[in-house]
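Colleague: How does the following fold in three dimensions:
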Amino acid sequence: MIIKNNSVVSIHFGVAEVDGNALDSTENGAPLEFIQGSHYLVPGLEAELEGKQVGDKFDVQLEAKDAYGVFQEELVQQVPRSLFEGVDEIEVGMSFQAETDQGPRTVEVTEVTDESVSIDANHPLAGMDLRFVGEVVAVREATAEELAHGHIHQTGGCCGGHEEEEASDHECCGGDESKHAPGDSCCGGHGHKEEVKKETAEGCCGGCH
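Modeller: Residues are numbered from 1 along each chain as shown. Reported below is the predicted structural model:
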């Protein structure tokens, strides 16, 4: 069958900067599995996969706007150090989950002073033109339950082997703003003004979405 909305798609892929610098790959691991049309992937890659089938290969170069988006200066903010209550040490490069008016957002610490912390809610790959190369390895129809929950129900794979969750909206980083991913969108957003807690989950699919 061909890839269309509500198909469950599995791909092996690699992503690199256009100059050839490799960033992530599913090589030697499980393929990335997602629901087509759920905005799990970056928009340019999702569009490239539409209509393909098992065995088809893809090699697409995406501008930043079709990948993880352009870099937005307004998503870099300074917040009071007091928001990080309970975190003994804050260092540049740490990732935290921030509860915002738009829901939870992952932010990265870019600067630390005694009184404030600079955080960046842009996706780590925002502003970058990227090349995705890979192959479609499986396609099937999503079940009604998978469509209702918005994620794949299967042990292992990108979502880390979460068991099916009753009355739950668990998503593997959503893929938007990214959305992901080969990913989602774990990042993005603004208005960080509530509780901030250290993110303990590992990066989605190798930290790429």
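
Colleague: show me where pLDDT drops low in the protein?
Modeller: 100-102, 154-209 (pLDDT under 70).

Colleague: Strands along that one, start to end?
Modeller: Shown for the chain, the strands assigned by DSSP state E span residues 7-17, 22-25, 32-35, 57-62, 76-80, 95-100, 103-112, 116-120, 130-141, 192-198.

Colleague: what lines up beside the longest one in the sheet?
Modeller: Going back to what we said before, that points to strand 130-141. The sheet places strand 130-141 alongside strand 7-17 (antiparallel), strand 57-62 (antiparallel), with pairing taken from DSSP bridges.

Colleague: most packed of the ones you listed?
Modeller: With neighbours defined as mean count of other C-beta atoms under 10 Å, these peak in mean count at strand 7-17, which reaches a mean of 20. For every residue, glycine as well, the C-beta is placed using N, CA and C.

Colleague: possible to save the strands of the chain as TSV with distance to E89?
Modeller: Formatted as TSV, the strands of the chain follow (distance: least, C-beta to C-beta, whole Å):
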stretch	distance to E89
strand 7-17	32
strand 22-25	28
strand 32-35	34
strand 57-62	37
strand 76-80	17
strand 95-100	13
strand 103-112	9
strand 116-120	12
strand 130-141	33
strand 192-198	10
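
Colleague: about what we covered before: can you add distance to N122 and give the strands paired with strand 130-141 back as TSV?
Modeller: Shown next, in TSV, are these (distance: least, C-beta to C-beta, whole Å):
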stretch	distance to N122
strand 7-17	16
strand 57-62	17
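
Colleague: right, and those strands - which one's nearest V79?
Modeller: With C-beta to C-beta as the criterion, V79 lies closest to strand 7-17 of the strands paired with strand 130-141, at 30.3 Å.

Colleague: Which of the strands paired with strand 130-141 sits closest to E33?
Modeller: strand 7-17 (4.7 Å).
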